[in-house]
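Student: Next one to model:
(chains A and B)
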Amino acid sequence: MTVLVVAEHDNQEIKGATLNTVTAAIALGAGDVEILVAGENCQTAADGAAAISGVSKIRMVDNALYANALAEPFAALVVSLAGDYSHIVLSHTTHGKNVAPRVAALLDIVQVSDIMEVKSPDTFVRPIYAGNAMATVQASDEKLVITVRGTAFDKAELSGSAPIEATNASDDPGLSSFVGQELTRSERPELTSARIVVSGGRGMQSGDNFHLVEAVADRIGAGVGASRAAVDAGYVPNDYQVGQTGKIVAPELYMAIGISGAIQHLAGMKDSKVIVAINKDEEAPIFSVADYGLVGDLFEEMPALAAELDKQGIKPR
Amino acid sequence: MKILVAVKRVIDYNVKVRVKGDNTGVELANVKMSMNPFDEIAIEEAVRLLEAGTASEVIAISLGEAKCTETIRTALAMGADRGIHVKTDEELQPLAVAKLMKAVCEKENPDMVIVGKQAIDDDCSQTGQMLAALMGWAQGTFASKVEVADGKAQVTREVDGGLETVSLSMPIVVTTDLRLNEPRYASLPNIMKAKKKQIDEYSPEDLGVDAAPRLKTLRVDAPPPRQGGGKVADVAELVDKLKNEAGVI
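Tutor: Numbers count the residues shown, from 1 in each chain, chains lettered A, B, ... in the order given. Model prediction:
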């Protein structure tokens, strides 16, 4: 049996989440692990995938059809290759969530979403109810589609040298075309891979006030996130959202600023190693998960915190 | 244009979910149930297309136990024209729901199906994409904007790095993300009117679908508790603790 990991990339670089997903694929213990790199002019990305440790082969499909990873042609391609594999594994990212169920339905097999632990090749632990319960599930199908929660698995090492095999494109279902994208440009680390994340909530009161969060984040090299309430209120774009319905993060340090700690937010960050909360309401549920809670007005505490970091000579690592 | 919207009955998002003592599932007895929040957004979007004259009919479908009709009534009170209830007491998993909805689509021939991007109970995020695959349709997942013109839909999608826009040939499946719209509250007159709207009932057998679960839940556990509650007096103590005790900055 062989496992296929569907890599996520921008034709140049393999995304960090794919490295965690490869670790989960190896943990299946089902056999060799191969990686599919499908894109346009994606040789550099394929070379990157070849360097991932523990991988036996890269299947590269270089075709304009896959330039933007549209679900319809991309899923058709994965289905055309599926016969060779016992498990098809993707990251539980917007790309993986878009493509994986389409693949599973076309193959008439079950998908196990967002796995956090592998018990055996057919048994997994996955969160339900925003992580308030952990379900151990067993699949009866002979072939499986799986999406992986990146923060639950270590990143694979980069000391491999797997061979790259050019693979044919499949037919275009001709249902969809790419119009454009508006990516959030940021010099800060990407949320799901950042070592430190500082997030603002409804307590920020406006998008402009996020400069208080950014000032602290930049002094310690952190990514900037937000609660769903802050996104709903229009303070920041949706891709900042940490929580059940946004991104799941588990950094070494998570700082929740003006965030009350709704269940759906805790679901996205409670596996962080160290949690700091700053909130003026000392009854806020966020304090019950915080290692270091500071009860106070964030409009006073955040500038003071930035000044204290400067005073102590703290720099991004 | 005819729109089919799926609405799921789930534990209300404000309820703190508890794992049962025998580890077979979560406590559902005497727990407040509501429409999945993303499905409220789906109904709202369909009703807005109806009000704009883009859609001619909105059908709300729910699949599951008898009480799902309450969820359908909520959708009807928000403005859907009629309901379909696929009634079963068996556990329904996403692939089975997609197959049942496919059978309903073949009866009703909708031009668009709108579903929530995920249900807040099983958090699978599969059903919409699976239905699109089974129908051989395009999919606009995690949508924050949907525009329909000339047999095509332009869908703006919330992706990890920002926004992406795709053009899709109709018919399509749309899955809703948070910023697509803000769902309305049903008014009392509309709640009364909804009681008279038609709900057709089918069983999985009527639709000729094997809806048996393919994933078996062996056990359900509470997550390991987190030891929190620590406090610091001021930012100086906070920085000191983060630097010297936790060693993370």
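
Student: Please tell me the pLDDT value assigned to B:Arg226.
Tutor: pLDDT recorded at B:Arg226 is 87.

Student: what's the closest non-adjacent residue to it?
Tutor: Leaving aside its sequence neighbours, B:Arg226 sits nearest to A:Val289 (CB to CB, 6 or more residues apart in numbering or on different chains; 5.0 Å). From N, CA and C alone the C-beta is placed, and that goes for glycine too.

Student: tally of neighbours for that neighbour?
Tutor: A:Val289 is flanked by 21 other residues according to other CB atoms under 10 Å in any protein chain shown.

Student: now the helices for the stretch 101-250 of chain A?
Tutor: Along the stretch 101-250 of chain A, the segments classed as helices by DSSP state H, counting those that start in this stretch run A:211-220, A:228-232.

Student: what about the first one and chain B, any contact?
Tutor: Yes - judged by CB under 8 Å from any CB of the partner chain, helix A:211-220 comes into contact with chain B through A:Ile220.

Student: What mean pLDDT does that helix get?
Tutor: On average, helix A:211-220 scores 98.

Student: what's the most buried one of the helices of the stretch 101-250 of chain A?
Tutor: helix A:228-232 (a mean of 23; mean count of other CB atoms under 10 Å in any protein chain shown).

Student: quick check: mean pLDDT across it?
Tutor: Rounded mean pLDDT across helix A:228-232 is 94.

Student: rewinding a little: and of the helices of the stretch 101-250 of chain A, who's closest to A:Ala304?
Tutor: Evaluated with CB to CB, the helices of the stretch 101-250 of chain A place helix A:211-220 nearest to A:Ala304, the distance being 10.2 Å.

Student: Show me the contact partners of that closest one.
Tutor: A:188, A:196, A:198-200, A:204, A:222-224, A:253, A:255, A:257, A:298-299, A:302-303, A:305-306, A:309-310, A:314-316, B:249 (CB atoms under 8 Å, 6 or more residues apart in numbering or on different chains).

Student: Now which of those would you call buried?
Tutor: A:196, A:198-200, A:204, A:222-224, A:253, A:255, A:257, A:298, A:302, A:305-306, A:309, A:314, B:249 (16 or more other CB atoms under 10 Å in any protein chain shown).

Student: what number of residues lie near B:Thr175?
Tutor: Close neighbours of B:Thr175, defined as other CB under 10 Å, add up to 32.

Student: show me what contacts residue 141?
Tutor: I'll assume chain A. Applying CB under 8 Å, 6+ apart to A:Asp141 gives the contacts A:109-110, B:214.

Student: that answer is for a different chain, and I need it for chain B
Tutor: A:71, A:94, A:97-98, B:117, B:128-129, B:157, B:174-175.

Student: Now flag whichever of the contacts of A:Asp141 is closest to A:Asn279.
Tutor: A:Val110 (41.8 Å).

Student: burial count for the residue lying closest to the closest one once chain neighbours are set aside?
Tutor: Leaving out its chain neighbours, the residue that sits closest to A:Val110 by CB to CB, 6+ apart is B:Arg214, at 4.4 Å. Neighbours of B:Arg214 under the rule other CB under 10 Å: 17.

Student: Hmm, B:Arg214 is touching B:Leu92, no?
Tutor: No - look at B:Arg214 against B:Leu92 with CB atoms under 8 Å: they stay out of range, at 11.2 Å.

Student: can you give me the strands in the stretch 51-200 of chain A?
Tutor: Under the criterion DSSP state E, counting those that start in this stretch, the stretch 51-200 of chain A contains strands at A:57-62, A:87-91, A:111-115, A:117-120, A:123-128, A:133-139, A:144-148, A:164-166, A:176-183, A:196-200.

Student: In TSV: these, plus mean pLDDT and distance to chain B.
Tutor: Converted to TSV, the strands of the stretch 51-200 of chain A look like this (pLDDT from 0 to 100; distance: least, CB to the nearest CB, whole Å):
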stretch	mean pLDDT	distance to chain B
strand A:57-62	98	20
strand A:87-91	98	10
strand A:111-115	98	5
strand A:117-120	98	9
strand A:123-128	97	5
strand A:133-139	97	4
strand A:144-148	98	8
strand A:164-166	98	26
strand A:176-183	95	4
strand A:196-200	98	7
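
Student: so which of those gets nearest B:Asp200?
Tutor: strand A:111-115 (29.4 Å).

Student: what sits up against the closest one?
Tutor: A:24, A:92, A:97, A:100-101, A:103-104, A:124-127, A:137, A:139, A:144-149, A:152, B:94-95, B:123-126, B:215.

Student: Look up which residues are beta-bridged to the closest residue to A:Lys57 other than its chain neighbours.
Tutor: Computed as CB to CB, 6+ apart, the closest residue to A:Lys57 that is not its neighbour in sequence is A:Glu34, at 4.5 Å. With DSSP bridges as the criterion, A:Glu34 is bridged to A:Leu4, A:Lys57.

Student: can you check A:Ser177 too?
Tutor: B:Ser167.

Student: what about it, how many residues close to it?
Tutor: 15.

Student: likewise A:Phe124?
Tutor: 26.

Student: Next up, the contacts around it.
Tutor: A:112, A:115-118, A:136-137, A:139, A:146.

Student: May I have the beta-bridge partners of it?
Tutor: So, taking DSSP bridges as the rule, A:Phe124 has A:Val118, A:Val137 as bridge partners.

Student: so what does the host helix or strand of B:Thr74 touch, helix or strand wise?
Tutor: Element membership of B:Thr74, judged by DSSP states H and E, is helix B:68-78. With contacts defined as 3 or more CB pairs under 8 Å, 6 or more residues apart in numbering or on different chains; DSSP states H and E, helix B:68-78 has these neighbours: strand B:9-11, strand B:33-35, helix B:37-51, strand B:57-64, strand B:82-87, helix B:188-194, strand B:199-202.

Student: Hmm, A:Ala169 and A:Ala76 touching each other?
Tutor: No - A:Ala76 is beyond contact range of A:Ala169, at 9.4 Å (criterion: CB under 8 Å).

Student: who has more neighbours, these two?
Tutor: Comparing A:Ala76 with A:Ala169 by other CB under 10 Å, the one with more neighbours is A:Ala76, at 21 against 16.

Student: Tell me the confidence at the more buried one?
Tutor: 98.

Student: Over to A:Met1?
Tutor: pLDDT, A:Met1: 87.
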